[in-house]
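J.: Okay, sequence plus prediction incoming.
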Amino acid sequence: MPHSHDLAPNSDVSPWLETLRLMASEMGPKRPFQSSLTSILRKLSERHGFLRPHLVLFDPETGMLRLSLAEAQPREKHGGYAPGVGVTGQVFATGRSVIVEKLKGDKLFLSLLFERSDEEMERLSFISVPILAPMGDGPFAAREVIGTLNADTTFVSRDDLEQRRVFMEVIAAMIANEAAYLQEDLGRQRRLPAQRSGDFAAAEEGENTFVAQSKVMRHILEQVAHIAQGRAPVLLCGEPGVGKERIAERIHASSPRSDVPLIICHCGTIPPERLLSELCGYQKGAFLGAMQTQKGLFEQANTGTIFLDAVDALTPPAQEALLRLVKEHTVLRQGGSGAVSVDVRVIAATSASLEALVAEGRFSRELCERLNACALHIPPLRERREDIVPLVEHLLSRLAGSPEEQIKRISFPALELMTRYFWPGNISELTSALQRAAQYCEDQVIRAGDLPPSLQTAESSATEAGLSLGDAVTRFEKELLVDALIKAGGNMLKAARDLKSSYRIVNYKVKKYGIDPHQFVYKNKNL
């Protein structure tokens, strides 16, 4: 960025200073940065006749310069600039402002973002100034160019253009923080498209939350969104601890029946002799001790949803009652003389193969076929390892009470160990491992040695003998990078700032160590 010249001594600076005062009054840590930037662009247009003022910011993930905010309507299909290409790309690459006195005929001016008439191309000029990253710590801290502030303006004189260029440079310095926030926000939105289009696991507040970083779980959640709108029975299959109950809660919460509480029945925990009466209820006097008529869980779930966990544990009479419910939408209480009509959606879950139980004669074939008509298989954690790191962070944030809520971070060796472990108990085992580690850890940092013995090896806990200085430095550097990426939610630009380094260095190190930043994009995501 060139040295800013003083405004011409004979010029009337008061309108410019008043505009700067108004802009400064609308900025600050408690002001929404995007609305502040929009207001600044509007003032450039309304108070000083700038045309099409706009911000172009660098996207570190794609390596392109993108239009990020504009006061005027851009082209319907506007493009981006590569660094060094066009006026904007040259300003970004060199860090020096550029004035184009006349748009028409200028070889560098590409006019990719906005429509301009031939008459405008003849009479308008263009000014582009660099926006530098916010000042780092120390007097010699490096400042990278993160984008440009651009605008058209009517040509009056070269001195007038120089004055306007200085004015824009001052504004570019004022908005450095806001522009950096906008750059991070745009990058976050690009990586998390589900909050706009549903392509990624949608974030939700409250208990019904998910972490779905892996493609397989994102696909399952897409299926859940469609299934939730129907009425057919659903069968959730998967090993114990994979989150079948949480999936059932999500289906119910996303369904038209969400205003009625979900009824949950863990069939495997109910004594077999009591299963039928629990599900179907009973009439007064149906058996010794039946002092009054009692509605079963099927009737209690009327107009809503019932979740039957471990449906493979149902006795033959209970299977027959469930088949009647899904076929005829009726319930026959024990000791009752007539069927009771109910409107219930059934979500069943099993860790066993119902087909194998059918072959053994232990499960109703017709019931199995009806439940399997809409079945989802929830993969074990070892088959979706991309979910482990975000799950760890999310689970730690949910653990209530001391000392878990005091945990500051998890060391890289511990994370590496957890991502390699087989997890036979899936998310349930992961939760228990974190609870144990939180109790054993020191200085609020979970390390490999704090995890259960079943997870630990000499290699993964970094206790192997003969570790060279180079290997130790590499391990420490890698741990610092991962910790910064976890804190930044996978945003390499923010991680670079936290490490007081440049984006290019962080990007190089990430590629060198084979780290995938996207696995750390978990903040406010769902489990």
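T.: Okay, I see it. Residues are numbered from 1 along each chain as shown.

J.: what bridges to the closest residue to A375 other than its chain neighbours?
T.: Sequence neighbours aside, L235 is the residue nearest to A375 in space, at 4.2 Å (criterion: CB to CB, 6 or more residues apart in numbering). Where C-beta positions appear, they are placed from N, C-alpha and C, glycine not excepted. Per DSSP bridges, residues listed as beta-bridge partners of L235: A348, A375.

J.: Any idea what H266 is bridged to?
T.: Here H266 shows beta-bridge partners D309, assigned using DSSP bridges.

J.: Start the count at 41 instead of 1 going forward.
T.: I'll keep to 41 as the first residue from here, and by that count the last item is H306.

J.: quick revisit: so who does the residue nearest to A415 touch?
T.: Taking CB atoms under 8 Å, 6 or more residues apart in numbering as the contact definition, L275 lies against V351, A388, A389, T390, L394, L411, N412, C414, A415, L416.

J.: if I read this right, the last one contacts V282, doesn't it?
T.: Meaning L416. No. At 10.8 Å, L416 and V282 do not qualify as touching, with contact defined as CB atoms under 8 Å.

J.: higher neighbour count, the two?
T.: Between L416 and V282, V282 has the larger neighbour count (other CB atoms under 10 Å), namely 25 against 18.

J.: Surely the more buried one touches L421?
T.: Yes. In this structure, V282 sits in contact with L421. The criterion is CB under 8 Å, and the distance is 7.0 Å.

J.: Find residues that contact each of those two.
T.: Applying CB under 8 Å, 6+ apart, one finds that V282 and L421 are jointly contacted by N466, I467.

J.: any idea how far S295 is from the residue nearest to A415?
T.: When CB to CB, to the nearest Å is the yardstick, L275 and S295 sit 16 Å from each other.

J.: pLDDT wise, what is the closest residue to E184 other than its chain neighbours at?
T.: The spatially closest residue to E184, leaving aside those adjacent along the chain, is A173, at 4.8 Å (CB to CB, 6+ apart). A173 is assigned a predicted lDDT (pLDDT) of 82.

J.: again with the one 5 residues further on
T.: pLDDT recorded at G178 is 40.

J.: Kindly report the same for V384.
T.: Among the per-residue scores, V384 shows a pLDDT of 96.

J.: thinking again about what came up before, which residues touch the residue nearest to E184?
T.: By CB under 8 Å, 6+ apart, the residues touching A173 are R183, E184, V185, I186, A216, A220, R537.

J.: Inside strands: which ones of the residues you listed?
T.: Applying DSSP state E to the contacts of A173, the entries found in strands are V185, I186.

J.: Make JSON lines from the contacts of A173 and add neighbour count, pLDDT and distance to T78 to it.
T.: Converted to JSON lines, these look like this (neighbours: other CB atoms under 10 Å; pLDDT from 0 to 100; distance: CB to CB, whole Å):
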{"residue": "R183", "neighbour count": "15", "pLDDT": "63", "distance to T78": "25"}
{"residue": "E184", "neighbour count": "17", "pLDDT": "80", "distance to T78": "24"}
{"residue": "V185", "neighbour count": "18", "pLDDT": "87", "distance to T78": "22"}
{"residue": "I186", "neighbour count": "25", "pLDDT": "88", "distance to T78": "18"}
{"residue": "A216", "neighbour count": "17", "pLDDT": "87", "distance to T78": "17"}
{"residue": "A220", "neighbour count": "21", "pLDDT": "81", "distance to T78": "16"}
{"residue": "R537", "neighbour count": "21", "pLDDT": "84", "distance to T78": "24"}
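
J.: which one of the contacts of A173 is nearest Y121?
T.: For the contacts of A173, the residue nearest Y121 by CB to CB is V185; the value is 12.8 Å.

J.: Might one say that that closest one is in contact with F98?
T.: Yes. Using CB under 8 Å as the test, V185 is close enough to F98 to be in contact (7.4 Å).

J.: hang on, the earlier thing: how close does the residue nearest to A415 get to N412?
T.: Going from L275 to N412 by CB to CB gives 6 Å.

J.: which neighbours do the two share?
T.: Common contacts of L275 and N412, defined by CB under 8 Å, 6+ apart, comprise L394.

J.: quick one, strands of the stretch 141-290 of the chain?
T.: In chain order, the stretch 141-290 of the chain shows strands spanning 164-172, 185-194, 274-277, with DSSP state E, counting those that start in this stretch as the criterion.

J.: Show me what the first one is packed up against.
T.: By that I understand strand 164-172. Secondary-structure packing of strand 164-172 (3 or more CB pairs under 8 Å, 6 or more residues apart in numbering; DSSP states H and E): strand 91-99, helix 126-134, strand 138-140, strand 185-194, helix 198-214, helix 216-231.

J.: Where do the helices of the stretch 391-540 of the chain begin and end?
T.: 394-399, 405-412, 428-438, 452-460, 466-480, 509-527, 532-538 (DSSP state H, counting those that start in this stretch).

J.: Just put these in a markdown table and tack on distance to D146.
T.: Below are the helices of the stretch 391-540 of the chain laid out as a markdown table (distance: least, CB to CB, whole Å):
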| stretch | distance to D146 |
| --- | --- |
| helix 394-399 | 72 |
| helix 405-412 | 68 |
| helix 428-438 | 48 |
| helix 452-460 | 51 |
| helix 466-480 | 60 |
| helix 509-527 | 42 |
| helix 532-538 | 32 |
